[in-house]
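Novice: Prediction below, plus the sequence it came from.
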Amino acid sequence: MHRVGSTGNASGSNRPRKEKRFTYVLNASDDSKVCYIFAFLSSHSYVSIYVCDMCGSCNTLLNPITVCWNSHCAGINCLDVLKSTSSDRSDYLFTGCRDGTLKRWALDEESATCSATFESHVDWVNDAVILGDHTLVSCSSDTTLKTWNCLSDGVCTKTLRQHSDYVTCLAAAGKNVTSLSVFMAQVNAVVWLTYLFIVSRTVANECPHNVFCWRMFIIFLFRIVVDYFQTNIVASGGLGGEVFVWDIEAAVAPVSKLNDVAEEELSNGINGGSGILPVTSLRTINSSSNISPHSSPSHGYVPTAAKGHKESVYALAMNDSGSILVSGGTEKVVRVWDPRSGSKTMKLRGHTDNVRALLLDSSGRYCISGSSDSMIRLWDLGQQRCVHSYAVHTDSVWALASTATFSHVYSGGRDQSLYLTDLSSRESILICAEEHPILQLALSDESIWVATTDSSVHRWPAEGQSPQKVFQKGGSFLAGNLSFSRARASLEGSSPIPVHHKPILTIPGTPTIVRHEVLNNRRHVLTKDTYGSVKLWEITRGVIIEDYGVVEFDEKKKELFEMVSIPAWFTVDTRLGSLSIHLDTPQCFSAEMYSVDLNIAGKPEDDKVNLARETLKGLLAHWSAKRKQRLGSQILPNGEGQPVKDLSVRSMSHSRVEMDNNAENDSMVYPPFEFSDSCPPSIITEGSQGGVWRKKITALDGTEDEKDFPWLGYLGTSKAMDPIMVVTYVVEKMVLEKPLDGVVGEQPFAPGLTGGPLQNSVAIGDGSLKSSSRPWQRLKPSIEIMCNNQVLSPDMSLATVRAYVWKKPEDLGIGANVLEHGS
């Protein structure tokens, strides 16, 4: 009996090790198709597959299971509508998702077409707002804010890093709501008021002071102009208890420009003393109104910062002029701020649970709040009190949207219901019932967009201009107090009947993966989605290789079990609604497989490939090709002077290109590691400037810094130890008493053994002979390998035997019986 000691156990090591993580997110969508609709005959088979040109036509089918291939794959956290300012352009709907992306949808009466995907966030997109006609601002659980050009093809223009935790909500000043005629009327009023003041002073024989009059005129005129053009102010709040007010125009300005402006202001004495901050600064506000300078390397100006709320912030709202900001969160109160100075003006109490949604009217006098206590409250900020409360919902209120006149409010939440409430009469009516909790609402003309924890978005009818017409259809009720609402919900048959039963338009999403299991071969992952469909993924190619339909997940997992042990070289999570594969260097380079087991043609049977290395080569094939095109020659991937790898996909008949002196590394991407261009995965890596970024592999243009790929140096040499096969170990250690490297020729002799040439056979299991071309299979005498009184297959690795046969923490014990010729 021979003992094989454990290897690679570094659990007792105290040596610090700096690990780098690389992640790629698999995408089941095919950008060349708009949507597929699958109709099920039973739980095991499809009866038909429809392909339509527009997502809107999916609604013509009866009860389809719809999958939009250029769509989101997780819950939709935010919505915003950009109205067209010209007749030749359609309206746009922007959606932000838990899959980490935003999408722009071109809208018409009967369809919505995805025209752009905004991809840069590396975690959930929690909120998004539109500034003016071309700027989109988003926030994420990755602690950043990002700015985008609304009409671009999805390029991020700026990343703003200031929050210490998840950024949960945004609020923006009004989007050009003040018309030019109103603006001119306000200017005209200021002129006339100044004139009347001068005339009244003259009639009273009091000669007005010319300087004083002109100062008054300039102050009033400046305030009107600022209120009209101030559409670049955004507030952000997060779980860190912070509330920041951003001047987006200043935040995205080049560093050199900001420095020039600051120097000019200082030279002109605008800032005065050192305690006064520049206008283009970031302001943070909290209950104590303490303000302190806070530096940030992500943008070029020096912002001001404060500690913010005592607890997490979940909701923000701002009036059209940007002069009033309200915030709410886990403190159960509504705080009111002056965002221009960062000072607190009041605190409103009344809710008994988290404040989850807020609205302000255009003037900033009235505020509506929705809470996890299921209540909606209307506040008069002038009187600093709650003037009405509405017990409409039976669970948490998460989303609010008001009409332009602030006379009616739409509300939705955890109870999956969308209500319309008249704020003056307190009359409410159920508009529709969703199948999932409602997260966000966006009112657009005569319809309302509803986002839920599902990946689809629904458009429902709404009387945006004349909401009172809805109540004429009947079925309304009085929004009484909380106890009344609970009693109404508990009565049998008392549930209100919705006005609408089907949406007028659906933007279908991809089903979200809710369960996964990594199989023993360490290349396949079994998943189950929200539709109950079970699929088998090959992560080294990023594709679904088998769709089993609606089957029992655990039974399918047992069916696919293989008695094989390969080191765990990656980890998986489904937080983004799809498979995210994480590779941690250098541990990820611990797994290898034989080329013949991967069906790689033209390779020796004893040739092995490193799974992580080949996967990375496949992911970077597009980047490598673009990089070579840009530079026109080989470049250095790191400071060690090695040439960059040519990772482009080539035919298997091409000759191998040696990357180093080990003669076993090549530059071609093998078929088992080729990623599709039609549904490419996205990579997430830490940038050289300290920030994490995300891109599709086909969007890599070669301009990315090699420092953004800190694991690039590992592609030159395989870092894994060769997996030792059972038969190789036994033959070397017990039969030949020296490595097989000493056995040469087509008919080798066994050193240390007498007799003729070794025959081309080996015992398998019960001692039967199997013809093969591997070196150890040309040896004679044959052997029978034993472990735990079980005959082993010679193709098993020592790791497999330890995991599935030995099953003990002690050193592995292996025995062998030499079978002489003829026995």
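Specialist: That came through fine.
Novice: for the stretch 51-200 of the chain, what are the low-confidence residue spans?
Specialist: Along the stretch 51-200 of the chain, segments meeting pLDDT under 70 span 51-69, 88, 175-200.
Novice: hey, where'd the strands end up in it?
Specialist: 65-68, 76-82, 91-97, 101-107, 112-119, 125-131, 135-140, 144-149, 156-161, 167-172 (DSSP state E, counting those that start in this stretch).
Novice: Each with direction, which strands does the second one pair with?
Specialist: The strands beside strand 76-82 in its sheet (DSSP bridges) come out as strand 91-97 (antiparallel).
Novice: Now do the partner strand against strand 101-107, angle only.
Specialist: Strand 91-97 runs at 160 degrees relative to strand 101-107, counting by axes from the mean of the first three to the mean of the last three Cα atoms, to 10 degrees.
Novice: Any idea how many residues pack against residue 108?
Specialist: Per other Cβ atoms under 10 Å, the neighbour tally for residue 108 reads 12. In short, each C-beta sits where N, CA and C put it, glycine included.
Novice: Distance of it relative to residue 631?
Specialist: Residue 108 is 45 Å from residue 631, where distance means Cβ to Cβ, to the nearest Å.
Novice: so can I have JSON lines of the strands of the stretch 51-200 of the chain showing mean neighbour count?
Specialist: JSON lines is the format used below for the strands of the stretch 51-200 of the chain (neighbours: other Cβ atoms under 10 Å):
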{"stretch": "strand 65-68", "mean neighbour count": "22"}
{"stretch": "strand 76-82", "mean neighbour count": "23"}
{"stretch": "strand 91-97", "mean neighbour count": "23"}
{"stretch": "strand 101-107", "mean neighbour count": "22"}
{"stretch": "strand 112-119", "mean neighbour count": "20"}
{"stretch": "strand 125-131", "mean neighbour count": "24"}
{"stretch": "strand 135-140", "mean neighbour count": "26"}
{"stretch": "strand 144-149", "mean neighbour count": "22"}
{"stretch": "strand 156-161", "mean neighbour count": "18"}
{"stretch": "strand 167-172", "mean neighbour count": "26"}
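Novice: in stretch 316-325, what counts as buried?
Specialist: By 16 or more other Cβ atoms under 10 Å, the buried positions in stretch 316-325 come out as 316, 317, 318, 319, 320, 321, 322, 323, 324, 325.
Novice: Which of these fall within strands?
Specialist: For the buried residues of stretch 316-325, membership in strands holds for 316, 317, 318, 325, with DSSP state E as the criterion.
Novice: Run through the bridge partners of the last one.
Specialist: On DSSP bridges, the residues paired with residue 325 through beta bridges are residue 318, residue 337.
Novice: any chance you could map the helices in this structure?
Specialist: Counting by DSSP state H, the chain has helices at residues 180-203, 210-229, 248-251, 255-268, 468-471, 482-490, 553-559, 611-619, 621-631, 726-730, 798-801.
Novice: mean pLDDT lowest for which of the ones you listed?
Specialist: Ranked by mean pLDDT, these bottom out at helix 255-268, with a mean of 45.
Novice: could you pull out the strands for the stretch 401-550 of the chain?
Specialist: 408-413, 417-422, 427-433, 438-444, 447-452, 457-461, 477-478, 505-507, 513-518, 524-529, 533-538, 543-550.
Novice: would a markdown table of those with mean neighbour count be doable?
Specialist: What follows is those, written out as a markdown table (neighbours: other Cβ under 10 Å):
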| stretch | mean neighbour count |
| --- | --- |
| strand 408-413 | 26 |
| strand 417-422 | 24 |
| strand 427-433 | 21 |
| strand 438-444 | 23 |
| strand 447-452 | 25 |
| strand 457-461 | 22 |
| strand 477-478 | 14 |
| strand 505-507 | 23 |
| strand 513-518 | 17 |
| strand 524-529 | 21 |
| strand 533-538 | 20 |
| strand 543-550 | 14 |
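Novice: Tell me which of the ones you listed lies nearest to residue 97.
Specialist: Of all the strands of the stretch 401-550 of the chain, strand 447-452 sits nearest to residue 97, with 8.9 Å by Cβ to Cβ.
Novice: Residue 427 touches residue 480, doesn't it?
Specialist: No - using Cβ atoms under 8 Å, residue 427 makes no contact with residue 480, being 11.0 Å away.
Novice: rewinding a little: looking at the buried residues of stretch 316-325, which two lie furthest apart in space?
Specialist: Greatest spacing in the buried residues of stretch 316-325, by Cβ to Cβ: 316 and 321 (15.7 Å).
Novice: what about the residue lying closest to residue 579 once chain neighbours are set aside, how many neighbours?
Specialist: Leaving aside its sequence neighbours, residue 579 sits nearest to residue 26 (Cβ to Cβ, 6 or more residues apart in numbering; 4.4 Å). Counted with other Cβ under 10 Å, the neighbours of residue 26 add up to 26.
Novice: just use 770 as the starting number from now, easier for me
Specialist: Right, with 770 as the first residue, what we last looked at is residue 795.
Novice: and residue 795, how far is that from residue 1269?
Specialist: Distance of residue 795 to residue 1269, computed by Cβ to Cβ: 37 Å.
Novice: if we can go back for a sec, could I get the strands of the stretch 820-969 of the chain in a markdown table, plus columns for distance to residue 1279?
Specialist: Formatted as a markdown table, the strands of the stretch 820-969 of the chain follow (distance: least, Cβ to Cβ, whole Å):
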| stretch | distance to residue 1279 |
| --- | --- |
| strand 834-837 | 6 |
| strand 845-851 | 12 |
| strand 860-866 | 10 |
| strand 870-876 | 12 |
| strand 881-888 | 12 |
| strand 894-900 | 16 |
| strand 904-909 | 20 |
| strand 913-918 | 22 |
| strand 925-930 | 23 |
| strand 936-941 | 25 |
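Novice: closest to residue 1175 out of those strands?
Specialist: Set against residue 1175 and scored by Cβ to Cβ, the strands of the stretch 820-969 of the chain come closest in strand 936-941, at 16.1 Å.
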